[in-house]
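Peer 1: What would the 3D arrangement of this be:
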Amino acid sequence: MKIFKYFLRDSHNNQRHEKEKTHCIVVTFDLNGASDANVYKEIDQQFSDMKLGKFVRVPGELIDLPRNTYASQALKADYDNINRLRDDVEKGVRDSLELHLKYKEIEGFVYFVFVADGWSWAAGRENPLFEP
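Peer 2: Prediction:
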């Protein structure tokens, strides 16, 4: 049986008032020469501590993100300067990955940090194996 789910969200239709306006944050990375799977578990925990999640939320459901992809939202009231938010997230990501490089648990990495103000995203899932 084929299962397909498709979800859409945006910054304009999902906030009821000014206090809920948010910046969208997406982080993705690749590691080179990871010594074992524990490195990924440690990074998961470090990113979780930074409030970066492995899922996005829609009413009544959580959608798992692809491997090595994390997302979050930050209230505009807390971060009126989007560049400061980007810099704070980027520093946390870089510090986490450099720690694993320092201890030779990885040989290298590449990452991408995306922060948006007026945002919109879509997610889909087609495969019963990916059902939560």
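
Peer 1: Okay, buried residues for stretch 23-35 please.
Peer 2: 23-29, 31, 34 (16 or more other Cβ atoms under 10 Å). Yep, even glycine has a C-beta here, placed from its N, CA and C like the rest.

Peer 1: now do stretch 98-115
Peer 2: The neighbour-count check on stretch 98-115 (16+ other Cβ under 10 Å) flags 100, 105-106, 109, 113, 115 as buried.

Peer 1: and these, which two are the farthest apart?
Peer 2: With Cβ to Cβ as the measure, no two of the buried residues of stretch 98-115 lie farther apart than Glu105 and Val115, at 27.3 Å.

Peer 1: and Val56, bridged to which residues?
Peer 2: Judged by DSSP bridges, the bridge partners of Val56 are Ile63.

Peer 1: and it, how many neighbours does it have?
Peer 2: 20 (other Cβ atoms under 10 Å).

Peer 1: Can you tell me how far it is from Ala34?
Peer 2: Applying Cβ to Cβ, to the nearest Å, one obtains 25 Å for the distance of Val56 from Ala34.
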